[in-house]
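J.: below is the structure, and that's it, no one-letter string:
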Ligand code: ADP
């Protein structure tokens, strides 16, 4: 039964200037069960013929008929599947993968075939070539003859129809040569078709048919006299039609496992190199994680502060505070009076208004003293600024009218002056004036460097006339009844103040007073955090980019180093997508590892800042997931090109790569 028919095959190589006609019209018919040796001097086209027969290369013209079916124009992927299912290859240089065991090497074609029970099938074949005791050894622990026997086991593992052997004993001593030829003869006896290239007569003697080549042509074709015993033809284990009509595109678990194992080996065997290539990703991811942790912490503390202030407040201050503290001409500053406060309180949309004065001064209790902020406020302050005391009481309208010497203290002041003592109803001296402590203010926490609890609150009148010597009010807090009318109220306050203080122009009014609302402040704070986040974000992006390029570089090196491995994998049936996925996985494993280290490193930095500088931080699951997916995506993006380079390699050229 005919298994292969070649009709007028031509192949010309155009290397350099001169074109080399390697095959010049070769026609050949091969029967199933034959043992064919191809002989001829070097350069006569033997290997080229073998590669074309084995679909490792394509002819320029001519027809290839396999099992009665013309399959001349197969795609690369179709030929890969064909090689995988119908053909086994044995090479002069064995081409075993160095980092895995004999058994794992033997399993490879099964992996690409998507078969199951790899171990058992591979082990059976290793037994068949008589090397069971060496199954768990790596190739470099085996002799040349043993390596070639493992290569034969690998060629057999998918139960192929045809075995191609390219100078199978070329690298072996005579004893090993005889052993290997015995194995091959045995295979032929069991019904395998064998096609072997050799230039040694004694090796060719094992074959039943010898064709001789010269200058790209067959010049002799001799069959041994011994009658071909009729053997039952081995059934094809896959129909050629199936292969031609469509090839498998799924990737099985065993293949993925193999890819991950290879990626792991590849990284572990070049630890330092891998670590250095990961560095960029590591730094980038660490920056992302630390940035998000600090950003989230900052957001949190801003929110807390704003909540303690109340969001429908407007603050009217005399003098512009936007001029970087440069003193203004006296005439330009609006001097607020209680009348202003009353008028503002009567404006539509205003719920209440409260005047403030502030200053600094020394506060003394017994032998302790501290310098603190002194706030003179009205009764409304308690509700407007969420300052209803937790212990004791706020002062009354009556006490404001009487300029009473009563004070509420913040928790920081309590700690500094009283320690464990109860401050209620004791007397303290503020700027040498005696005050009675009537309450403790609720704790508000720090607003950045400013401690909001380091404060003493007294009635505004006491503050102005008895303590700070002020004739005018520093600022007025205004609470609007409806958040939506904030802008309108702000506008009417402005108009009122311009009229009352006889400010001629809008520019005058800008210098004379300033109205800020909490929404503005909130927006300003948020935009600051956003700017910082963008800044850190771009640092992260740049280092991730650089890291990605580092990964791409190392992947290109890896592809070059493993060109022969890629050739071998393709020869035994890996399709382009298989090679592609293999190298993408390697890139992703590397960036993922870099990302994981980066997450640890970034959280470490954030924690360190939290402990050393006292910043609020928050490492969220979100940031960890974000960083992880970032590093995976980078692996895919920057691994893509090297993986493509690997996938596109021509199997024969790759196998010959030095
Ligand atoms: P053999 O195996 O009989 O030594 P080959 O089939 O390897 O011969 O080569 C046949 C001819 O084709 C030789 O002249 C060789 O130089 C040429 N040849 C083989 N492969 C290539 C190639 N990839 N590029 C250019 N020329 C090639």
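T.: Alright, I've got the coordinates. Here the structure is a predicted model, which is why all the values come from computation and not from measurement.

J.: can you point me to the longest strand in the protein?
T.: strand 350-365 (DSSP state E).

J.: go through the helix or strand following it and flag the buried ones.
T.: Next helix or strand after strand 350-365 toward the C-terminus (DSSP states H and E): strand 368-377. By 16 or more other C-beta atoms under 10 Å, the buried positions in strand 368-377 come out as 372-377. All C-beta atoms are positioned from the backbone trio N, CA, C, and that covers glycine.

J.: which strand or helix spans the closest residue to the ligand within the stretch 451-600 of the chain?
T.: In the stretch 451-600 of the chain, the residue found nearest to the ligand is residue 567; the distance is 12.7 Å by C-beta to the nearest ligand atom. For residue 567, the element it lies in under DSSP H and E is helix 563-571.

J.: which residues are contacting that helix?
T.: 54, 56, 80, 83, 89, 95, 97, 108, 112, 559, 578-579, 582, 646, 649, 651-657 (C-beta atoms under 8 Å, 6 or more residues apart in numbering).

J.: which elements pack onto the following helix or strand past it?
T.: Per DSSP H and E, the first helix or strand lying C-terminal to helix 563-571 is helix 576-612. Using 3 or more C-beta pairs under 8 Å, 6 or more residues apart in numbering; DSSP states H and E, the elements in contact with helix 576-612 are helix 76-86, helix 253-268, helix 271-309, helix 518-561, helix 563-571, helix 621-648.

J.: redo those helices as JSON lines? Include mean pLDDT and mean neighbour count.
T.: JSON lines is the format used below for the helices and strands packed on helix 576-612 (pLDDT from 0 to 100; neighbours: other C-beta atoms under 10 Å):
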{"stretch": "helix 76-86", "mean pLDDT": "88", "mean neighbour count": "23"}
{"stretch": "helix 253-268", "mean pLDDT": "87", "mean neighbour count": "17"}
{"stretch": "helix 271-309", "mean pLDDT": "81", "mean neighbour count": "20"}
{"stretch": "helix 518-561", "mean pLDDT": "83", "mean neighbour count": "17"}
{"stretch": "helix 563-571", "mean pLDDT": "94", "mean neighbour count": "24"}
{"stretch": "helix 621-648", "mean pLDDT": "91", "mean neighbour count": "19"}
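
J.: present those helices as JSON lines; the columns should include distance to residue 498.
T.: JSON lines is the format used below for the helices and strands packed on helix 576-612 (distance: least, C-beta to C-beta, whole Å):
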{"stretch": "helix 76-86", "distance to residue 498": "81"}
{"stretch": "helix 253-268", "distance to residue 498": "72"}
{"stretch": "helix 271-309", "distance to residue 498": "27"}
{"stretch": "helix 518-561", "distance to residue 498": "20"}
{"stretch": "helix 563-571", "distance to residue 498": "80"}
{"stretch": "helix 621-648", "distance to residue 498": "49"}
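
J.: who wins for proximity to residue 510 among these?
T.: Comparison of those against residue 510 by C-beta to C-beta identifies helix 518-561 as nearest, at 15.0 Å.

J.: gap between that closest one and the chain center?
T.: 12 Å (C-alpha atoms, centre = their mean, to the nearest Å).

J.: measure how it sits relative to helix 271-309, angle-wise.
T.: 170 degrees (axes from the mean of the first three to the mean of the last three C-alpha atoms, to 10 degrees).

J.: just checking, what packs against helix 518-561?
T.: helix 271-309, strand 313-318, helix 576-612, helix 621-648.

J.: about what we covered before: nearest to residue 596, of the buried residues of strand 368-377?
T.: For these, the nearest to residue 596 is residue 373 (47.9 Å; C-beta to C-beta).

J.: show me where pLDDT drops low in the stretch 101-250 of the chain?
T.: Within the stretch 101-250 of the chain, the segments meeting pLDDT under 70 span 225-239, 242-250.

J.: hmm, back to that, any quick PyMOL command for the buried ones out of the contacts of helix 563-571?
T.: PyMOL command restricting the contacts of helix 563-571 to the buried ones, with burial defined by 16+ other C-beta under 10 Å:
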select buried, resi 54+56+80+83+89+95+97+108+112+559+578+579+582+646+649+651+652+654+655
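
J.: any chance of the helices and strands packed on helix 518-561 in TSV, plus distance to residue 181?
T.: Shown next, in TSV, are the helices and strands packed on helix 518-561 (distance: least, C-beta to C-beta, whole Å):
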stretch	distance to residue 181
helix 271-309	42
strand 313-318	97
helix 576-612	33
helix 621-648	35
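
J.: now for the ones you listed, which one comes closest to the ligand?
T.: Using C-beta to the nearest ligand atom, the nearest of the helices and strands packed on helix 518-561 to the ligand is helix 621-648, at 15.9 Å.

J.: the closest one packs against which elements?
T.: Helix 621-648 packs on helix 271-309, helix 518-561, helix 576-612, going by 3+ C-beta pairs under 8 Å, 6+ apart.

J.: which SSE is immediately downstream of that helix?
T.: helix 651-656.

J.: now do that next one, average pLDDT.
T.: The average pLDDT within helix 651-656 is 90.

J.: now swap in stretch 467-480 and tell me
T.: On average, stretch 467-480 scores 90.

J.: chain center to it: distance?
T.: 55 Å.

J.: give me the buried positions along it.
T.: 467-468, 470, 473-480.
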